[in-house]
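Chemist: Model the following, please.
(one chain, ligands or ions: 1)
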Amino acid sequence: MTSISRRNAIKGLAAASTVLPSMTSAIEPTSKPPLLSRINFGSCCHQDKPQPIWASVLKQDPQLFLFLGDNIYADTHDMNVMREKYARQTDNFSKIRNHCDVLAIWDDHDFGANDVGADYPQKKESRDLFLQFWGDDPNNSRHRSNDGIYHARTYGPQHQRVQVIMPDLRFHRQAGEKVNCLENISRLVRNMGPYAVLDEQRSQLSPQQWQWLEQQLLQPAKIRIIASSLQFLADYTGWEAWAQYPGDRKRMIDLIEKTGAEGVIFVSGDTHWGEISRQSENVPYPLYDMTSSGLTETWSQVSPNRYRMHDKFYAQENFGELHIDWHQKDPQIAMWIRDINGQVRLSHHIHLSELSFQPDHTTK
Ligand SMILES: [Fe+2]
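Modeler: A predicted model of the protein is given here:
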């Protein structure tokens, strides 16, 4: 396909957005919207650290960049401090924001502070700062009265439509629990985090967000990127992840089954390392979760994950890439985790048909 980078083309991409009726843009596309083929993403970007990685991201000429959370390290209850930290990030993000369309979701550190959730007292003020920084139209649906910043967009023509779904895992997140001291010590030697698996009633999402999610999965699309600030598939790290809320994790898989949504790929951040996870049992079709973290952050004690592909990870600065070759009859999707120089460190290729319901699948 021809390149559709830069702002003019992105106006066409954005005009192709089709979401819930209440969220539909008044702008109707006047011509066939361009294909979306090149998507980059990343997370965990400290405002006070050097960010040479952007030069390598820009070399990939993305049409869309997804910020997956911890986009600043606010870690405060003082909104003046948060505002000032966003301001420090403005120049760092200016080139990517001028280059292509950008969508963002938050995680704990840009929501407010380490691992906080629904109880964070300044969450509405923080939401206002987030939406202001990311340039959201004050009339759009993310300015909800008592709910989070979840949202979705679609790109491309009908038969090659890519949907990006961005859940909010912070605004209504019920509090986690840590394991006891002895258990924590035994986890330390296994590089695991301190969090216990919660009962199935606890959730990260409000009932309204679950309804919204179901409606989104019913929208027509060939590929659905669920952009989650926390790892969806990883099992079990002991850190914040969907595995900490097994009721949510199961409900999401059940929702994919119930809605008949094919083409789902998860992308996630938060961990400070990159990896590709794949789960093939107890799911309607193989599920992938590409984790990229961080744009500035690194890690030295990578946790276990039974779904990590080939047991390979990359724990230095990295960003992710999804490259869709629509020209093949069965479109090919390349999954890459690239390092600070743009070199591919982790790689996997699939055909879109792999992400369709298997006749004899079972989910438990
Ligand atoms: Fe985080």
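Chemist: The nearest residue to residue 106 once chain neighbours are set aside: what secondary structure?
Modeler: Spatial nearest neighbour of residue 106, excluding adjacent residues (Cβ to Cβ, 6 or more residues apart in numbering): residue 69 at 5.1 Å. Bear in mind the C-beta positions are built from the backbone N, C-alpha and C, glycine included. Secondary structure, DSSP: H, G, I helix; E, B strand; the rest coil: residue 69 is coil.
Chemist: For the nearest residue to residue 286 once chain neighbours are set aside, the count of nearby residues, please.
Modeler: Nearest non-adjacent residue to residue 286, counting by Cβ to Cβ, 6+ apart: residue 280, 4.7 Å away. Using other Cβ atoms under 10 Å, residue 280 has 13 neighbouring residues.
Chemist: Next, count neighbours for the residue of the stretch 101-250 of the chain at minimum distance from the ion.
Modeler: Proximity of the stretch 101-250 of the chain to the ion (Cβ to the ion) peaks at residue 107, 3.8 Å away. Close neighbours of residue 107, defined as other Cβ under 10 Å, add up to 25.
Chemist: cool, and residue 194?
Modeler: As a burial measure, residue 194 scores 17 neighbours (other Cβ under 10 Å).
Chemist: ok so, going back, mind pulling up the phi and psi values for the residue nearest to residue 286?
Modeler: Dihedral pair for residue 280: phi -120, psi -10, per degrees, to the nearest 10.
Chemist: Report pLDDT for it.
Modeler: As predicted, residue 280 sits at a pLDDT of 96.
Chemist: near the ion, which residues of the stretch 251-364 of the chain show up?
Modeler: Residues of the stretch 251-364 of the chain lying close to the ion (Cβ under 5 Å from the ion) are residue 270.
Chemist: Low-confidence bits of the stretch 251-364 of the chain, can you list those?
Modeler: Within the stretch 251-364 of the chain, the stretches with pLDDT under 70 are 362-364.
Chemist: switch the cut-off to 90
Modeler: Applying pLDDT under 90 to the stretch 251-364 of the chain picks out residues 358-364.
Chemist: need the residues of the stretch 101-250 of the chain near the ion, please.
Modeler: By Cβ under 5 Å from the ion, the residues of the stretch 101-250 of the chain that approach the ion are 107, 108.
Chemist: what about 8 Å?
Modeler: 107, 108, 109, 114, 115, 229, 230, 240 (Cβ under 8 Å from the ion).
Chemist: just the buried members of these?
Modeler: 107, 108, 109, 115, 229, 230, 240 (16 or more other Cβ atoms under 10 Å).
Chemist: In contact with the fifth one: list those residues for me.
Modeler: What that stands for is residue 229. Neighbouring residues of residue 229 by Cβ atoms under 8 Å, 6 or more residues apart in numbering: 43, 68, 69, 70, 105, 106, 107, 169, 170, 268, 269, 270.
Chemist: how about 10 Å then?
Modeler: Shown in contact with residue 229 (Cβ atoms under 10 Å, 6 or more residues apart in numbering): 43-44, 67-71, 105-111, 166-170, 204, 240, 268-270, 293.
Chemist: Confirm for me that residue 42 is in contact with residue 339.
Modeler: No - taking Cβ atoms under 10 Å as the definition, residue 42 is not a contact partner of residue 339, at 11.8 Å.
Chemist: Look up how far the ion lies from the spatially closest residue to residue 92 that is not a sequence neighbour.
Modeler: Nearest-residue entry for residue 92: residue 51, 5.0 Å, with adjacent residues in sequence omitted and distances by Cβ to Cβ, 6+ apart. Going from residue 51 to the ion by Cβ to the ion, to the nearest Å gives 18 Å.
Chemist: Going forward, count from 31.
Modeler: Got it, first residue is 31 now, which makes that one residue 81.
Chemist: of the residues of the stretch 131-280 of the chain next to the ion, closest to residue 216?
Modeler: Using Cβ to Cβ, residue 270 is the member of these that lies nearest residue 216, at 19.5 Å.
Chemist: is it true that that closest one touches residue 300?
Modeler: Yes - between residue 270 and residue 300 a contact is recorded at 6.7 Å, counting by Cβ under 10 Å.
Chemist: any residues in contact with both of the two?
Modeler: 137, 138, 199, 259, 260, 261.
Chemist: Can you name the next helix or strand after the longest helix belonging to the chain?
Modeler: Counting residues, the longest helix found in the chain (DSSP state H) is helix 109-129. Next in sequence after helix 109-129, counting helices and strands by DSSP states H and E, comes strand 131-134.
Chemist: from the middle of its chain, how far away would that next one be?
Modeler: Mean C-alpha position of strand 131-134 versus that of the full chain (Cα atoms, centre = their mean, to the nearest Å) differs by 11 Å.
Chemist: Could you pull up the mean pLDDT of the next helix or strand after that strand?
Modeler: Downstream of strand 131-134, the next assigned helix or strand under DSSP H and E is helix 138-141. In this model, helix 138-141 has a mean pLDDT of 98.
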